[in-house]
Each structure stands twice: as structure tokens, then as C-alpha cells.
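**Q** 3D, please:
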Amino acid sequence: MKAIKLGLPKGSLQDSTFALMRKAGWNFKLGSRSYVPVSDDPGIAARLIRPQEIPRYVELGLLDAGLTGYDWIYENGADVVEVAELCYSKATSNPVRWVVAVPNDSPIQNVKDLQGKRIATEAVGLTKRYLAANGVTAEVEFSWGATEVKAPELVDAIVELTETGSSLRANQLRIIDTVLTSTTRLIANKAIWADPGKRTKIEQLAMLLTGALNAENKVLLKMNAKKANVAAICGVLPALHAPTINSLGDPEWVAIETVVEESVVREIIPPLKAAGASGIIELALNKVVP
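**A** Below is the predicted model:
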């Protein structure tokens with residue numbers, strides 16, 4: 001079987017995507033001026049492409065699969081298979097939002113106030129559909145970048161992508177509405193999805209990428225305990241599932257392990273010790289596959 005042609009997002013998602021791929025088990029080498037990442041898996045031929053373009057190239061079959069935002073699938077109206085939703089972005093694991101923003105001192109308070117106004121955005125199609133759905137007619141122009149600085153001198157409002165809102169606040173802008181909430185998706189070409197060999201490879205990608213995200217902020221706790229203390233210890237543990245309990249060489253002792261949120265570890269280790277746990281070990285996780 002030929003390697004699958006995989007589109008990886010260039011730009012704001014690039015570093016977080018490569019980090020997620022590493023956790024999932026794939027490593028890529030990329031030269032400083034290269035758009036062809038080299039994978040340690042001969043079954044993947046990757047290309048570094050702007051996420052705005054990936055849905056169209058996947059639909060046309062120029063790429064077999066790709067990682068891109070739902071917003072760009074929607075913007076392009078791309079007819080593709082959405083294989084998996086992957087909740088990660090540039091800085092957080094939260095969804096990103098396309099929002100309408102205006103200067104802090106603008107009289108515009110809601111979508112109806114955009115009637116007859118000029119709006120700058122990189123997502124022209126998305127914005128026009130939003131305005132039409134709200135019965136508003138406005139002039140929408142494509143922005144080549146630095147959209148936040150165009151209001152109020154050049155436009156009345158902008159529709160911009162935000163993750164934390166910090167850039168908007170820094171440019172003295174306030175949000176008046178959310179146009180679309182978006183997460184990263186693994187998508188596939190429809191014909192390729194019908195190919196059993198390539199579909200299996202793409203499903204492998206989906207499973208391990210999802211497993212890597214499931215492991216975010218989770219750790220494995222391992223400990224030993226006397227059988228008489230197991231009930232008290234299990235009462236302290238906030239397990240992902242029921243803790244795993246294994247016998248040890250000493251018939252009076254068992255080994256206990258479970259997956260927990262990393263944030264609770266500092267709170268539960270003291271009561272675990274008090275309940276009789278010993279030899280407590282905390283281990284980082286790369287993947288959690290249900």
C-alpha cells in the first residue's frame with residue numbers, strides 16, 4: 001500500500017500538532033525552509049499546508065487526509081469525511097471561536113447594528129452566511145492579516161479567530177457575538193475512506209491521536225498496600241475506571257494502580273498515605289485509549 005498523503009497545518013497550529021503527533025507515536029523532521037516533513041513512518045507522506053487550504057485539497061483527492069479546523073471545513077463547504085474531533089489548539093485544549101469584535105467605544109452593540117457597515121475578516125464565506133442568517137446586509141472584505149488593527153479607521157467591525165481573547169483586548173476591541181465555535185478535525189477524502197487499507201491507517205491515526213489527547217493532564221498512580229487497607233485507599237482514589245489491583249509475592253499485600261487527573265495528585269497523596277498506601281509512584285502518560 002502506498003503511503004497516505006497527510007496534510008499537517010502550517011502556522012499557529014503547527015507546533016501543537018507536531019507535539020501531539022509525537023505523543024501519539026509519530027516523529028517528523030522539518031528543515032527550516034521545507035514544506036515536506038519527513039516521518040519516521042514510511043506509511044505517511046506528510047505535507048505542511050495552511051489549514052485554510054487543507055479541506056479543499058482533501059476533497060479534491062490531492063491529499064488523502066489532513067488536520068484542520070472545523071471552521072475551514074465550513075468556510076470551504078468541503079465534502080469530506082470527518083474522522084475524529086481533536087480538541088486542541090495553539091495554546092490550550094479549548095475550542096477556538098470566530099467572533100464579531102468592535103472598538104470599545106463603538107456604538108455597535110449587536111449583530112443588527114452591523115447593517116450597512118464594513119467588516120474585515122479572513123473568513124468571508126462564514127461571515128456572509130452569519131449575516132444572512134441574521135437578516136443583515138453589510139460589506140464584507142477579505143483581510144490579508146493584522147485584522148485587529150483595522151478597526152475603527154478602516155472598518156467598522158472585524159470577524160476574527162480567538163482562543164483566549166487577549167489579542168482583541170490588547171487592541172481595545174470588545175466581542176459582541178460568536179459566529180462559530182471550532183475544534184481541530186482529522187478529515188479524509190471520501191474515495192480514500194472507501195479504500196480498506198488506507199482507511200485502516202487513517203483510523204490508526206485517529207485512535208492514537210485521540211488517545212494522546214485523552215492522556216493530557218492525567219497521570220498513572222501506583223502504590224502498594226495491605227489487603228486490609230484496600231477499601232480505604234480505593235475510597236480516596238478518583239479513578240478513571242475501577243483501580244487495578246494485583247497480588248504480590250506476600251499474600252497480605254497487593255499492588256494498586258489507577259489513572260487520575262494530575263491536578264488532584266497533590267491533594268490525595270497525603271490521605272492515601274494515611275489510609276495505608278506505601279511506595280506511591282506517579283508516572284506521566286502519553287496515551288489513554290479506552
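**Q** tell me how far the closest residue to residue 142 other than its chain neighbours lies from residue 134.
**A** Spatially, and ignoring its direct neighbours in sequence, residue 142 is nearest to residue 124 (5.3 Å; C-beta to C-beta, 6 or more residues apart in numbering). All C-beta spots, glycine's among them, are computed from the backbone N, C-alpha and C. Applying C-beta to C-beta, to the nearest Å, the value for residue 124 to residue 134 is 16 Å.
**Q** with residue 40 instead?
**A** The gap separating residue 40 from residue 134 is 49 Å, by C-beta to C-beta.
**Q** could you do residue 146 as well?
**A** With C-beta to C-beta as the criterion, residue 146 and residue 134 are 27 Å apart.
**Q** who's more crowded, the two?
**A** Between residue 146 and residue 134, counting by other C-beta atoms under 10 Å, residue 134 is the more crowded of the two (14 against 9).
**Q** from what I can see the more buried one touches residue 112, true?
**A** Yes. Residue 134 is within contact range of residue 112, at 7.2 Å (criterion: C-beta atoms under 8 Å).
**Q** which residues of the stretch 1-150 of the chain score low on pLDDT?
**A** Applying pLDDT under 70 to the stretch 1-150 of the chain flags residues 32-33, 90-92.
**Q** so how far is residue 179 from the residue nearest to residue 142?
**A** With C-beta to C-beta as the criterion, residue 124 and residue 179 are 12 Å apart.
**Q** equivalent analysis for residue 206, please.
**A** Residue 206 is 28 Å from residue 179, by C-beta to C-beta.
**Q** one more: residue 168?
**A** For residue 168, the distance to residue 179 equals 14 Å [C-beta to C-beta].
**Q** ditto for residue 70
**A** Taking C-beta to C-beta as the measure, residue 70 falls 13 Å from residue 179.
**Q** looking only at neighbour counts, state which of the two leads.
**A** For residue 70 versus residue 179, the count of surrounding residues by other C-beta under 10 Å is larger for residue 179: 23 against 19.
**Q** so which residues make contact with the helix or strand hosting the more buried one?
**A** Per DSSP states H and E: residue 179 is located in strand 173-182. Strand 173-182 is contacted by residues 69-71, 74, 95-104, 108-111, 123, 126-127, 130, 148, 151, 157-159, 161-162, 165, 168 when judged by C-beta atoms under 8 Å, 6 or more residues apart in numbering.
**Q** tally of neighbours for residue 99?
**A** By other C-beta under 10 Å, neighbour count at residue 99 equals 21.
**Q** quickly list what the nearest residue to it once chain neighbours are set aside is bridged to.
**A** Spatial nearest neighbour of residue 99, excluding adjacent residues (C-beta to C-beta, 6+ apart): residue 175 at 4.6 Å. Beta-bridge pairing of residue 175 under DSSP bridges involves residue 101.
**Q** mind checking what secondary structure residue 230 has?
**A** helix (DSSP: H, G, I helix; E, B strand; the rest coil).
**Q** how about residue 262, what does it touch?
**A** By C-beta under 8 Å, 6+ apart, the neighbours of residue 262 are 217-219.
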